[in-house]
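Trainee: Kindly generate the corresponding structure for this input.
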Amino acid sequence: MSARVGVVTFPGSLDDGDAARAVRLAGAEAVRLWHADADLHGVDAVVLPGGFSYGDYLRCGAIARFAPVMQTLADAARGGLPVLGICNGFQILCEAHLLPGALTRNQHLHFRNRDQMLRIESTATAFTNGFEPGQEILIPVKNGEGCYVADERTLDELEATGRVVARYLQGNPNGSQRDIAAIANEAGNVVGIMPHPEHAVEALTGPSLDGLGFFTSVLTHLAGTAALPAGANASGVSA
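Mentor: As a prediction, the model looks like this:
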């Protein structure tokens, strides 16, 4: 029986269909979850997709953080449920305090839509165990509020505990501090990434197949062949 990966749709979600397709291409069953439904329907993992949830009023992700589905999801994530937040989903995870820091307006004040090189910094997460440490990948980035910021103490902690999951290469598209493109929580089951791996899963649409690894990695994690040690942080070091 294949794993069931939920994909949440908020009002204003744009990439939920793409995320569901990526889940299916990875070999799992995509389960569509509605923002107003607190029931996760027994899924094994969840993807929070990109878009403009609730029109991005107030702050990006600030309203979605209070959606009924997020109340249930937050508890499940703290209990170990794998959760991947992509772009707006990353913003929602920060607003929900499942990840530290915040995503703010791009430093240059322009929307950026381009293919972006990344370096995988940590493979000890539920969504990156299929990569090699230091592996360079190419996936699209498209955001206007993708600048990751946090205080220096938080940034130092992320670095020291191996929770910086990916960094921008060949140019920082939004001014994110320390070129951070993706981070994880202490347990490594929650990952937020600003670029869009779901748009790099097929040769037809390109620009590569590199994004598929995020979705196959979670299936490996769920199968138990890359289970994170109990009490370990994203660097694999016991807390």
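
Trainee: Run through this protein and note the low-pLDDT ranges.
Mentor: Scanning the chain for pLDDT under 70 picks out the ranges 225-239.

Trainee: Give the buried residues for the host helix or strand of residue 21.
Mentor: Assessed by DSSP states H and E, residue 21 sits inside helix 16-26. Within helix 16-26, the residues scored as buried using 16 or more other C-beta atoms under 10 Å are 16, 18-23, 25-26. Heads up, the C-betas are built off the backbone N, CA and C, glycines and all.

Trainee: Of the residues you listed, which is the nearest to residue 69?
Mentor: Residue 69 lies nearest to residue 16 out of these, by C-beta to C-beta, at 12.4 Å.

Trainee: Now do the same contact list for residue 119.
Mentor: Listed by C-beta atoms under 8 Å, 6 or more residues apart in numbering, the contact set of residue 119 reads 134-137, 166-167, 169.

Trainee: mind running it again at 7 Å?
Mentor: Contact analysis of residue 119 by C-beta atoms under 7 Å, 6 or more residues apart in numbering lists 134, 136, 166-167, 169.

Trainee: Distance to residue 210 for the buried residues of helix 16-26 - can I get that in JSON lines?
Mentor: Output for the buried residues of helix 16-26, formatted as JSON lines (distance: C-beta to C-beta, whole Å):
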{"residue": "16", "distance to residue 210": "21"}
{"residue": "18", "distance to residue 210": "15"}
{"residue": "19", "distance to residue 210": "16"}
{"residue": "20", "distance to residue 210": "19"}
{"residue": "21", "distance to residue 210": "16"}
{"residue": "22", "distance to residue 210": "12"}
{"residue": "23", "distance to residue 210": "16"}
{"residue": "25", "distance to residue 210": "13"}
{"residue": "26", "distance to residue 210": "13"}
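
Trainee: Pick the one among those residues closest to residue 60.
Mentor: Nearest to residue 60 among the buried residues of helix 16-26, counting by C-beta to C-beta, is residue 16 at 16.1 Å.

Trainee: The closest one and residue 70: what is the separation?
Mentor: 15 Å (C-beta to C-beta, to the nearest Å).

Trainee: Surely residue 74 forms part of a helix?
Mentor: Yes: assessed by DSSP: H, G, I helix; E, B strand; the rest coil, residue 74 belongs to a helix.

Trainee: Please verify my assumption that it contacts residue 99.
Mentor: No: with contacts counted by C-beta atoms under 7 Å, residue 74 stays clear of residue 99, the gap being 11.3 Å.

Trainee: So the two - more neighbours on which side?
Mentor: Neighbour totals were compared for residue 74 and residue 99, and residue 99 leads with 27 against 18 (other C-beta atoms under 10 Å).

Trainee: contacting residues around the residue nearest to residue 64 when sequence neighbours are not counted?
Mentor: Nearest residue to residue 64 in three dimensions, chain neighbours excluded: residue 53, at 3.8 Å (C-beta to C-beta, 6 or more residues apart in numbering). By C-beta under 7 Å, 6+ apart, residue 53 lies in contact with 10-13, 61, 63-64, 88, 92.
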